[in-house]
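Chemist: Fold the following.
(2 chains)
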Number of protein chains: 2
Amino acid sequence: MNLLLLEPSDFVGEDRVILRDRRLTHLQQVHRAEAGDRIRVGLLGGLMGEASLLRLAAAEAELQVRLSQPPPAKLPITLLLALPRPKMLRRVLQGVAAMGVPNLVLLNSYRVEKSFWQTPFLEPASVREQLLLGLEQARDTVLPQVSIETRFKPFVEDRLPAIARDTLGLVGHPGEFPPCPRAVDGPVTLAIGPEGGWIPYEVEKLADAGLTPVQLGERILRVETAVTALLARLF
Amino acid sequence: MNLLLLEPSDFVGEDRVILRDRRLTHLQQVHRAEAGDRIRVGLLGGLMGEASLLRLAAAEAELQVRLSQPPPAKLPITLLLALPRPKMLRRVLQGVAAMGVPNLVLLNSYRVEKSFWQTPFLEPASVREQLLLGLEQARDTVLPQVSIETRFKPFVEDRLPAIARDTLGLVGHPGEFPPCPRAVDGPVTLAIGPEGGWIPYEVEKLADAGLTPVQLGERILRVETAVTALLARLF
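Modeler: Numbering: from 1, shown residues only, chains lettered A, B, ... in the order given. All right, here's what the predicted structure looks like:
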């Protein structure tokens, strides 16, 4: 945790915060904080700054907070991701939040196993927990918007064209395609497939919606690695 | 597993292979392979190609193998990594092998916890297992060289200058440094610090050995994410 994230409900006064949950445990056990310590904090959805730890007891911590700095800029991207397997999903959500992706669409695809949609890790509280871990890691305060699209065709036909309009639309796909561009200016819509890749029908439908296939070399990367590699290359 | 890796000891004839270990289980349970299936294979340290599954029994599989293609090129890099925590180490080793890093040095640093050096995941068999998983994922046959340097100063003073000579030497470090370059030509020596970063003394010693500090933006990334992001940006 490189940033202690606060919520409006933590405030007991204009600049006073009381913590009692996992953040208290973290201060005690990982940070090994002591009264007087200064800690980087951020208000969820708001500014970042510093807190003084006024009091650290077994059951609660009291902090005095000064918020002054804006969070880091987000990347100008909407990321469409074929729903990864549950274990990978959690890490992908953390990574996406840490890298500064503001909009994530988890999408169905022919090669997404049906059982993946049943995972408790897709429940809003679980998604939010992983996103918060990513924000705490990277020092950001703004949660990405995550939407869940269980039906490929209606989403890609009816909604994707409007999302992709006036953006550089890309679909990551191995094969004889141009390499993914580097250091682009302006907004991007990027679709990354499941393990095993998109099927040709899906690539065609994504292309109809404005997304051009690009590849990232011969090596087959895990989804979380591919996401990081493509974002690092694009921005 | 996107590539079934074979070793010389698996061969019972010039083009015949018998498998009995985890690769057999994988063929049975994950691949759900059947006699007649064609499977991508590679000879560890050698060529890649295709195999026909001649026979799949409970206790062994027999394959006929044709090897024809070279493995993908490695990245021209020596990666120095402050030893990550054990759980992260395994994923980093997989990722490094998958991305095509040929030389990895796991290095001590002031902020590496002493206990990390005691992990069984540093034992050669465990390191090799993770590297093989990375090769199988990415479709490569050549194991990276991994060396373990438990003493920062002698390594950086006595051995690093020769490694870094005639390469672009970089040390990833947050702060007021130039951004990491993109799409470089030629060989690179890159040092990535521990959680919490290198201490100033270490940055100075790395600079004396020929490595210039570069940064990757305001966001603090986990080590495995930083490794992927820096490699994707450099190459």
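Chemist: From now on I want contacts and neighbour counts done on CA atoms only, so please keep to that.
Modeler: Noted.
Chemist: quick check, the helix or strand containing A:Ala51 touching chain B?
Modeler: Here A:Ala51, judged by DSSP states H and E, is contained in strand A:48-56. No - Strand A:48-56 stays out of contact with chain B when judged by C-alpha under 8 Å from any C-alpha of the partner chain, the minimum separation being 12.9 Å.
Chemist: what about that strand, average pLDDT?
Modeler: If you average the pLDDT over strand A:48-56, you get 96.
Chemist: Counting by contacts, list what it packs against.
Modeler: Counting contacts by 3 or more C-alpha pairs under 8 Å, 6 or more residues apart in numbering or on different chains; DSSP states H and E, strand A:48-56 packs against strand A:38-43, strand A:61-69.
Chemist: Now look at the last one and say if it contacts chain B.
Modeler: No - if you take C-alpha under 8 Å from any C-alpha as the test, strand A:61-69 misses chain B, and the best it gets is 12.5 Å.
Chemist: Paired strands for that strand, with orientation please.
Modeler: Paired neighbours of strand A:61-69 in the sheet (DSSP bridges): strand A:16-19 (antiparallel), strand A:48-56 (antiparallel).
Chemist: who's in contact with it?
Modeler: Applying C-alpha atoms under 8 Å, 6 or more residues apart in numbering or on different chains, the contact partners of strand A:61-69 are A:15-20, A:24, A:41-43, A:47-56.
Chemist: before we move on, what about the first one?
Modeler: Here strand A:38-43 makes contact (C-alpha under 8 Å, 6+ apart) with A:2-8, A:48-53, A:65, A:67, A:140-141.
Chemist: hmm, the lowest-mean-pLDDT helix or strand in chain A touching chain B?
Modeler: Counting by mean pLDDT, DSSP states H and E, chain A has its least confident helix or strand at helix A:22-29, which shows a mean of 92. No - contact of helix A:22-29 with chain B (C-alpha under 8 Å from any C-alpha) is absent, the minimum separation being 15.6 Å.
Chemist: Which residues of chain A lie near chain B?
Modeler: A:2, A:72, A:95, A:98-99, A:137-140, A:218-222, A:225, A:228-233.
Chemist: Could you pick out the buried ones from these?
Modeler: A:2, A:72, A:95, A:98-99, A:137-140, A:219-222, A:225, A:228-233 (16 or more other C-alpha atoms under 10 Å in any protein chain shown).
Chemist: Could you list the buried residues of stretch A:166-175?
Modeler: A:167-174.
Chemist: I meant to write stretch A:102-117 there.
Modeler: In stretch A:102-117, counting by 16+ other C-alpha under 10 Å, buried: A:102-109, A:111-112, A:116-117.
Chemist: Check stretch A:207-227 too.
Modeler: Buried residues in stretch A:207-227 (16+ other C-alpha under 10 Å): A:207, A:209-217, A:219-227.
Chemist: what's the answer for stretch A:27-40, then?
Modeler: Residues of stretch A:27-40 classed as buried by neighbour count (16+ other C-alpha under 10 Å): A:27-28, A:33-34, A:38-40.
Chemist: Okay, helices next: where are they in chain A?
Modeler: A:22-29, A:86-99, A:124-138, A:152-154, A:160-164, A:200-208, A:223-234 (DSSP state H).
Chemist: what's the pLDDT at A:Val30?
Modeler: Model confidence at A:Val30 (pLDDT) stands at 86.
Chemist: Show the backbone phi and psi for it.
Modeler: Backbone geometry at A:Val30, expressed as degrees, to the nearest 10, gives phi -90, psi -50.
Chemist: about what we covered before: among the helices of chain A, which gets the worst mean confidence?
Modeler: helix A:22-29 has the lowest average pLDDT among the helices of chain A, namely a mean of 92.
Chemist: what's the burial count for A:Pro194?
Modeler: Counted with other C-alpha atoms under 10 Å in any protein chain shown, residues neighbouring A:Pro194 total 21.
Chemist: What pLDDT is listed against it?
Modeler: Confidence score, pLDDT, at A:Pro194: 94.
Chemist: The one 3 residues further on too?
Modeler: Looking at A:Gly197, its pLDDT stands at 92.
Chemist: go on, A:His173?
Modeler: Looking at A:His173, its pLDDT stands at 89.
Chemist: show me what contacts it?
Modeler: A:His173 neighbours (C-alpha under 8 Å, 6+ apart): A:192-193, A:197-198, A:213-216.
Chemist: Look up how far chain B lies from the residue lying closest to A:Pro179 once chain neighbours are set aside.
Modeler: Counting by C-alpha to C-alpha, 6 or more residues apart in numbering or on different chains, A:Pro179 lies nearest to A:Gln215, which is 4.9 Å off, once chain neighbours are set aside. Using C-alpha to the nearest C-alpha, to the nearest Å, A:Gln215 is found at 13 Å from chain B.
Chemist: For A:Gln215, which residues are in contact?
Modeler: A:172-180.
Chemist: give me the beta-bridge partners of A:Leu53?
Modeler: For A:Leu53, the beta-bridge partners under DSSP bridges are A:Leu63.
Chemist: Surely it touches A:His31?
Modeler: No - with contact defined as C-alpha atoms under 8 Å, A:Leu53 does not count as touching A:His31 (11.8 Å).
Chemist: any residues in contact with both of these two?
Modeler: Common neighbours of A:Leu53 and A:His31 (C-alpha under 8 Å, 6+ apart) do not exist.
Chemist: returning to what we had before: for B:Phe152, which of the helices of chain A is the nearest?
Modeler: Nearest of the helices of chain A to B:Phe152, taken as C-alpha to C-alpha: helix A:124-138 at 26.5 Å.
Chemist: Show residues contacting the closest one.
Modeler: By C-alpha under 8 Å, 6+ apart, helix A:124-138 touches A:1-5, A:90-91, A:93-99, A:120-121, A:141-144, B:218-222.
Chemist: what about it, distance to the chain center?
Modeler: Distance of helix A:124-138 from the chain centroid (C-alpha atoms, centre = their mean, to the nearest Å) equals 8 Å.
Chemist: Let's have the strands paired with strand A:61-69 in TSV, adding distance to B:Ile148 and mean neighbour count.
Modeler: Converted to TSV, the strands paired with strand A:61-69 look like this (distance: least, C-alpha to C-alpha, whole Å; neighbours: other C-alpha atoms under 10 Å in any protein chain shown):
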stretch	distance to B:Ile148	mean neighbour count
strand A:16-19	42	19
strand A:48-56	38	20
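Chemist: how does chain A divide up, domain by domain?
Modeler: A:4-69, A:77-234 (automatic domain parsing).
Chemist: Of these, which is nearest B:Leu160?
Modeler: domain A:77-234 (27.3 Å).
Chemist: So what's the residue count around A:Pro120?
Modeler: 12.
Chemist: Contacts only, for it.
Modeler: Contacts of A:Pro120 by C-alpha under 8 Å, 6+ apart are A:Ser126.
Chemist: Give the buried residues for stretch A:131-150.
Modeler: A:131-144, A:146, A:149-150.
Chemist: any idea how far chain B is from A:Gln154?
Modeler: For residue A:154 the amino acid is Pro, not Gln. A:Pro154 is 31 Å from chain B, by C-alpha to the nearest C-alpha.
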